[in-house]
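>>> Here is my input; please provide its structure:
(chains A, B and C)
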Amino acid sequence: METIIQSLFDGALMGCIYALIALGLSLIFGVMNVVNFAHGNFVMLSMYFSFWAGSLWGIDAVLTPLITFPLLFVIGMLVYYGIIDRTLKEHYTIQIAVTVGLMTFLGAITQLAWKAQPRALSYSFIQGNIQFGGYTIALSRLTSAIISLIIIISISFFLSKTWPGRTIRATSDDSDAASLMGVDFRKTYALAFGLGSSLTAISGGLLMTFQQVDPTMGLRFGLLSWCILALAGLGSIPGLLISGLIIGIGESLAMTFWDPRARSLVIYLIFILVLWLRPRGLFGRK
Amino acid sequence: MLSEQILKTSKLTKRFGNLTAVNQVDLEIKKEEIIGLIGPNGAGKTTFFNLITGLEIPDEGQVIFKGTNITTMSPHAICKLGISRTFQVAKSFTEMSVEEAIRVGAYNRRGEEEVQNKVDWALEFFELEDIRDYKCSDLGLSSLRKVEVARAAATEPELLLLDEVGAGLTATELLKLMSELKRLNEETKITLCVVEHVMQMVMGLCERIFVLDAGELIAKGIPSEISNNQRVIEAYLGRRSYSESSSTG
Amino acid sequence: MNRKKNHNLENLLLLFFLVIALFVPLIFGSNQYNILLVTTVLIYGVMATSWNIIGGLAGQLDLASFAYLGLGAFTSSTLFIRFNFTPWIGMILGGLVAVAFALLIGFPLFRFRIREVWYALTTCALVEILKVVFNMWEEVGGPVERFLPYFSGSLYHMRFGSYVPYYYLILGMLVIALLVNSRIARSKLGFYLKALGEDETAAEVLGVNTRACKLRALVYYAFLIGVTGAIYANIYGYVHPSFFNGQESIKIAILGIVGGRGITYGPLLAALLLVGTQEFLRASLGGEVSGLYLVIYSVILILVVLFKPSGIATFFQYRNKKPAKQEVKKKSVV
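Below is the predicted model:
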């Protein structure tokens, strides 16, 4: 019984972090209808950048997003204007194909640059465990989860209360109407893409406080975020958070009680189940 | 010969969130009729067509076609039963030639041996033979419209729904299209239901007219009744008053 | 008229290529390494051409080709290893197993109105799932290679002392894949697939059962790949969960797109050019090439998709649909 609860805790904490990763993707897919296969690779790239910042300049992992966030934002905007923008008027498979190419490209160059061995940063200042009623919680995971939650809530606020945020929402609802109101939808798209990508920098930095990074993570995080999106459906941030928790907990339980190798298996099975039974997700608006 | 009912909707209703796009619409169409469906923009006409052709599922009500309840059938099954349609914003097969596009429709009822005959018939009927090899994306507006109609007609429907095929055409093109539709109805006995804003087309072509406004059926009758109907005139208030332009002939 | 002439030219070139291909092993004589090399290139050609059915004709971005390859390989090989079952039938069964899995994911995902992105993602997931499952499944797979019994020349076992017979087997598969492609493209199914690729809604209301059509394309594709998988296992003499390779599956899709989706010989062309060059370089320069080559593949994909989305095979095709918008406008006013 105790193991179950411990597993639940760990899973829930990871779930918050996963939800943040998925949030970035949700911004891109939900707003622009752009399928970004390379989203997971952005996370991985952020982790590698954090690794660089940490090992070259000794910056603590949790602070690296200060550098990587603007960096990923710029990269996101460049990717949008350079690649995505041109494919918007083409057949949908063209747009998906180009991000598949991007995913492959990023995966290949990270493999070439950093080789296959995993990279990790030395311990962050948030290390150690805390005891909570007989259960152990890693401080780094707890902090990461809390920070993720804060960011998620902030983004939610940003989207509903600030002008750029409402522009993004308006454009996602109806880009024609939005452009009639003077919104340059391409700029909004670029902003959304940049923001969605830069959010991965925060997740990346947080993950580096307790994890290592290797070239296979791109695909793993990519599929993970899409699974969360599929489970959640579009249009609800709380839904996204809950789905993140479900996935995190599912993964954790699978690792504890089934087989550590099965961690992703459970996620993919949930994915396929959702698509079989409820394609618009648990909380989807449409 | 008593004209049979071919299509009947009862209490057909569709909501999108707070908006009721189609509200308790009861409508009947008889075989071989040419029916008009008019109403101001946003009245729900296209949604209505979507409900009939299976692209939307109604929240309430039924659609009965030739005695069969088709309310929840899939669009391709409905086409097989005998309903075909065009779209307000032309959904052309841009990379296909005119002939190939029509062929897709013709395969609905024809196998490999006979399909070419049907295609040739459609090309000849709608006078598209000269442009049969042209890519659909290269066509001018009126040709595009005709291809849409030809493609749908090639499926050999019993009921053909036309969504604003007259919009944007010149007067000459319009007359041409109207005569072709009339011929289509007379020669192939296809029932037509025409959604239109171009009043000339509606009044000149249709035997009976239904009027939608804000999702509700507000009037039905023969053209002269409709053009003098107060409620209809009010529905169009703020745009041209159509009672002046009705030419019953 | 132009179109017919051009079609015949393309077919002639293809025939010419196939005839040359017949004699290739004779050129290499007993150089087994080179024969394996060209066989590998042809395997990619077969897979890419088969992919064209689902990815080109049906317009679905399928990223699971190596999932079906692996399934075919494991099915046939397991029956071979355990029960001395002939791979000639084993490969048919391998194809069927691949089809079964394909239908499992195709059936829910090809429903009208489900966005195509979910299909692409699920195919990605399928490869990963199978990799893990077969890694964990000690009975049949497990982390160690399962070797096929060696025979220096057994037709029954489809095991030969030289790579030459395998080369011809794969060449035969290539011909079959090309034929299937061209037959479908010209049939009702081909027209329906093209239509739904253009506009699914319009196709549906014209009587096209979009889901059924996509499933049919999927079945042809998965079966061909599954059969190829069985042969693949016999060529290399073992099976291993690493056969379920997501990266290579994406590569097949890249070949299909770069070559020219929907064009029968397009993916083959891309395979010959890209994989041919890669294998040749690998032979000359050594192992590190594959990492670099993946970078090149992805860049080529992005460039082609941005600047020539119809694929490189279209460089060889005539523009045979007349444009002349003005002409049409003139006619319709009369």
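
>>> Find the nearest non-adjacent residue to A:Glu251, please.
Once flanking residues are discounted, A:Glu251 sits nearest to A:Arg263: 5.0 Å by Cβ to Cβ, 6 or more residues apart in numbering or on different chains. To be clear about C-beta, it is placed using only N, CA and C from the backbone, and glycine gets the same treatment.

>>> wait, isn't the one you found in contact with A:Ile249?
No: the criterion here is Cβ atoms under 8 Å, and A:Arg263 misses it with A:Ile249 at 11.9 Å.

>>> quick revisit: let's see the helix or strand the residue nearest to A:Glu251 falls within as PDB, backbone CA atoms only.
Assessed by DSSP states H and E, A:Arg263 sits inside helix A:263-277. What follows is helix A:263-277, C-alpha atoms only, in PDB (Å, rounded to 0.1, in the frame of the first residue of the first chain):
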ATOM      1  CA  ARG A 263       7.300   3.200 -18.600                       C
ATOM      2  CA  SER A 264       6.500   4.500 -22.000                       C
ATOM      3  CA  LEU A 265       4.500   1.500 -23.000                       C
ATOM      4  CA  VAL A 266       1.700   2.500 -20.600                       C
ATOM      5  CA  ILE A 267       1.600   6.000 -22.000                       C
ATOM      6  CA  TYR A 268       1.300   4.800 -25.600                       C
ATOM      7  CA  LEU A 269      -1.400   2.400 -24.600                       C
ATOM      8  CA  ILE A 270      -3.400   5.100 -23.000                       C
ATOM      9  CA  PHE A 271      -2.800   7.200 -26.100                       C
ATOM     10  CA  ILE A 272      -4.200   4.500 -28.400                       C
ATOM     11  CA  LEU A 273      -7.100   3.800 -26.000                       C
ATOM     12  CA  VAL A 274      -8.100   7.400 -26.000                       C
ATOM     13  CA  LEU A 275      -8.000   7.600 -29.800                       C
ATOM     14  CA  TRP A 276     -10.100   4.500 -30.000                       C
ATOM     15  CA  LEU A 277     -12.700   5.600 -27.500                       C
END
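
>>> In that helix, which of the residues would be classed as buried?
By 16 or more other Cβ atoms under 10 Å in any protein chain shown, the buried positions in helix A:263-277 come out as A:263-272, A:274-275.

>>> Then stretch B:37-44?
B:37-40, B:43-44.

>>> just the residues you listed: which has the poorest pLDDT?
Among the buried residues of stretch B:37-44, B:Ala43 carries the lowest pLDDT, at 83.

>>> Roughly how far does the nearest residue to that residue once chain neighbours are set aside sit from chain A?
Leaving aside its sequence neighbours, B:Ala43 sits nearest to B:Leu212 (Cβ to Cβ, 6+ apart; 4.2 Å). Distance check for B:Leu212 against chain A: by Cβ to the nearest Cβ, to the nearest Å, it reads 23 Å.

>>> Tally up the residues packed near B:Leu212, please.
The burial count assigned to B:Leu212 is 26, neighbours taken as other Cβ atoms under 10 Å in any protein chain shown.

>>> Figure out the helix or strand that it lives in.
Per DSSP H and E: B:Leu212 is located in strand B:208-213.

>>> which phi and psi does residue 35 have?
With no chain named, the answer covers chain A. Taking degrees, to the nearest 10, you get phi -90, psi 120 for the backbone angles of A:Val35.

>>> if you could check chain B rather than the one you did, that'd help
Backbone torsions for B:Ile35, taken as degrees, to the nearest 10, come to phi -110, psi 140.

>>> For it, give me its contacts.
Going by Cβ atoms under 8 Å, 6 or more residues apart in numbering or on different chains, B:Ile35 touches B:29, B:191-194, B:206-210.

>>> returning to that earlier point: would you mind putting the buried residues of helix A:263-277 into a markdown table with pLDDT and distance to C:Phe315 alongside?
Formatted as a markdown table, those follow (pLDDT from 0 to 100; distance: Cβ to Cβ, whole Å):
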| residue | pLDDT | distance to C:Phe315 |
| --- | --- | --- |
| A:Arg263 | 87 | 46 |
| A:Ser264 | 89 | 41 |
| A:Leu265 | 91 | 44 |
| A:Val266 | 91 | 47 |
| A:Ile267 | 92 | 42 |
| A:Tyr268 | 93 | 39 |
| A:Leu269 | 92 | 44 |
| A:Ile270 | 92 | 45 |
| A:Phe271 | 92 | 39 |
| A:Ile272 | 91 | 40 |
| A:Val274 | 91 | 42 |
| A:Leu275 | 89 | 38 |
